[in-house]
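# Quick one, structure for this:
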Amino acid sequence: MAKKKKLSVAIQGIATSFHEVAALSYFTEPINTIECLSFHNLCERLKSGEADYAVMAIENSIAGSILPNYFLLQEYHFSIVGELYLPIHMHLLVLPGTKITDIRSIESHPMAIRQCTEFLHSLNGVEIRESDDTALSAKRVKELKLKNTAAIANEYAAKRFGLEILEKRIETHKKNFTRFLILTKRTNGKVESNNKASLCFEVANEVGSLADALMTFKNNSINLTKIQSIPIIGRPSEYSIHIDVEWRRRKNYEEAMHKVLQQVKNLNVLGEYKKAKIEYR
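Below you'll find the predicted structure:
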């Protein structure tokens with residue numbers, strides 16, 4: 001019997017990045033990860049067929065929504081087939097023996113930096129630098145032997161690159177989660193166990209047009225868990241509305257969608273999937 005080919009999953013960042021942790025947590029079977037240093041490159045790898053799936057961060061409970069990724073979702077038309085809430089613990093990593101007074105600069109991914117602003121503001125005379133990835137920052141400190149530079153990353157990066165955790169749990173709020181989307185080029189079709197959907201649409205620039213659409217979901221017992229507007233490029237003061245909705249009875253969702261189709265423009269179902277649990281650690 002031929003050996004089953006491992007799934008290829010595109011991640012933003014390198015080994016030990018939070019995206020890799022999310023991918024390994026979501027998929028129950030062995031996978032090969034494809035490292036990408038930008039979300040655009042991640043989407044291109046999935047589009048080309050090099051990757052079967054992609055894992056994309058979309059929001060963090062401290063730093064908020066990652067708006068550029070909403071534009072990518074619209075541009076590439078991938079299907080969202082799952083989600084994952086990953087607890088995020090940030091640590092300050094340094095070369096062994098480095099003291100806090102030795103640090104002249106700290107680097108990490110912009111979203112990681114935003115999650116640690118309270119700690120970073122407590123430091124004096126330290127330059128904050130943005131990088132492509134948390135794990136990549138840790139790798140740089142190790143490989144370049146940067147005695148005066150610290151990286152913000154997770155404990156897996158500390159172990160892999162032989163760095164010392166100088167300060168633990170430096171995220172501003174300890175109940176810190178990042179929501180990741182699981183993307184693929186193909187759709188799963190109608191799955192009865194699905195109870196959540198991500199949608200986007202446009203509404204007329206008229207009084208009550210958005211409220212009317214949202215009331216349709218309410219009237220059909222559909223829970224609105226997320227709403228995000230992003231500008232429509234080339235059309236000032238016009239926006240695309242992204243929402244996440246949850247339901248207990250699929251029939252309610254289908255009836256709501258039938259009515260909403262008549263109330264909005266360019267309705268697009270980005271994906272239907274099973275709602276993820278949030279587990280505190």
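# In contact with the residue sitting nearest the centre point of the chain, which residues?
When the chain is reduced to its mean C-alpha position, the nearest residue by CA atoms, centre = their mean turns out to be A57, at 1.0 Å. Residues touching A57, when contacts are defined by CB atoms under 8 Å, 6 or more residues apart in numbering, comprise Q12, F18, H19, A22, I66, N69, M111, T178, R179, F180, L181. C-betas here are computed from N, CA, C, even on glycine.
# closest to I278 among those residues?
Minimum separation from I278 among the contacts of A57 (CB to CB) is found for R179, which lies at 9.1 Å.
# what helix or strand is the closest one on?
Mapping R179 onto the secondary structure by DSSP states H and E places it in strand 177-184.
# Could you list every helix and strand in contact with that strand?
helix 18-26, strand 53-60, strand 79-87 (3 or more CB pairs under 8 Å, 6 or more residues apart in numbering; DSSP states H and E).
# S137 is nearest to which of these?
Taking CB to CB as the measure, those were each checked against S137, and helix 18-26 came out nearest at 12.3 Å.
# now the helices: where do they sit in the chain?
Taking DSSP state H as the criterion, the chain carries its helices at 18-26, 39-48, 67-76, 110-114, 117-121, 134-143, 155-161, 209-219, 250-260.
# The first one: how far from the chain's middle?
Spelled out, it's helix 18-26. Centroid displacement of helix 18-26 relative to its chain, using CA atoms, centre = their mean, to the nearest Å, is 11 Å.
# now for that helix, which elements pack on it?
The elements that helix 18-26 packs onto, with contact taken as 3+ CB pairs under 8 Å, 6+ apart, are strand 7-12, strand 31-36, strand 53-60, strand 79-87, strand 177-184.
# Would you tell me which of those strands gets closest to N268?
Closest approach to N268 among those (CB to CB): strand 79-87, 10.9 Å.
# Would you check that A157 makes contact with T16?
Yes - using CB atoms under 8 Å, A157 is in contact with T16, at 4.3 Å.
# Can you pull the residues that touch both of the two?
Any residue near both A157 and T16 by CB under 8 Å, 6+ apart counts here, and that gives A135, A138.
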